[in-house]
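J.: Sequence unavailable; structure follows:
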């Protein structure tokens, strides 16, 4: 019974952490690219996030076929907006391995256009404009990822602990 419980905990931990059993192919996660740029007419730093399919390779042209979503965090001039397949208008450009070669244009049917250029300038519907625009990949996992990882290791630890049988002491 203990073995079945331990096995159940281990399988649940594997499912929570995304670990797949031997021989199974896990689904590839989407790729996420973060944008940040210095505002010249708005306040602070503008932030955005572009999500593409896992099949997207650095340097490929961005198209509707590899697009998942785009989110602009908003500033004091332009409210936050999201473009998905439900309100998709256009996407073009590419994310390059070289920071000075990134150019992305995206807009939805009911959203402003977002344009970042290779010289670092960017704008959102000509209302938010700025410089020092850079695309990159996020470096720190989200808190939910850490929680799932911790749950998985805890489950594996419990599974391993229950599997150890201690001999009775002869005192």
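T.: Cool, got the structure. Please read these numbers as outputs of a predicted model, since none were measured by experiment.

J.: how close does residue 95 get to residue 64?
T.: 16 Å (CB to CB, to the nearest Å). To be clear about C-beta, it is placed using only N, CA and C from the backbone, and glycine gets the same treatment.

J.: Which of the two has more residues huddled nearby?
T.: When residue 95 and residue 64 are compared on other CB atoms under 10 Å, the one with more neighbours turns out to be residue 95, at 23 against 11.

J.: ranges for the strands of the protein?
T.: Defined through DSSP state E, the strands belonging to the chain, from first to last, are 31-39, 45-52, 67-72, 81-83, 88-94, 103-108, 114-116, 122-124, 128-136.

J.: closest one to residue 157 among those strands?
T.: Between residue 157 and these, the shortest separation by CB to CB is 30.2 Å, and it involves strand 31-39.

J.: who does the closest one touch, helix- and strand-wise?
T.: Packing contacts for strand 31-39, counted by 3 or more CB pairs under 8 Å, 6 or more residues apart in numbering; DSSP states H and E, involve strand 45-52, strand 128-136.

J.: For residue 76, find the nearest of these.
T.: strand 128-136 (8.9 Å).

J.: Show me what that closest one is in contact with.
T.: Strand 128-136 is contacted from outside by 33-42, 46, 50, 75, 77-78, 95, 99, 102, 104, 116-117, 120-123, using CB atoms under 8 Å, 6 or more residues apart in numbering.

J.: how many degrees apart are it and strand 45-52 in direction?
T.: Using axes from the mean of the first three to the mean of the last three CA atoms, to 10 degrees, the direction of strand 128-136 lies 50 degrees away from that of strand 45-52.

J.: for strand 128-136, which positions count as buried?
T.: Buried residues in strand 128-136, counting neighbours by 16 or more other CB atoms under 10 Å, are found at 128-130, 133, 135.

J.: what lines up beside that strand in the sheet?
T.: Using DSSP bridges, the neighbouring strands of strand 128-136 in the sheet come out as strand 31-39 (antiparallel), strand 122-124 (antiparallel).

J.: Tell me if I'm right that residue 68 and residue 55 touch.
T.: No: Residue 68 lies out of contact with residue 55 (CB atoms under 8 Å); the separation is 11.0 Å.

J.: more neighbours, these two?
T.: Set side by side, residue 68 and residue 55 show more neighbours around residue 68, with 16 against 11, by other CB under 10 Å.

J.: Domains in this protein, by residue range?
T.: If you go by automatic domain parsing, the domain ranges for the chain are 2-24+142-163, 31-136.

J.: Packed most tightly, which of those domains would that be?
T.: With neighbours taken as mean count of other CB atoms under 10 Å, these reach their highest mean count in domain 31-136, at a mean of 17.

J.: measure that one end to end?
T.: Distance across domain 31-136, first residue to last, is 11 Å (CA to CA, to the nearest Å).
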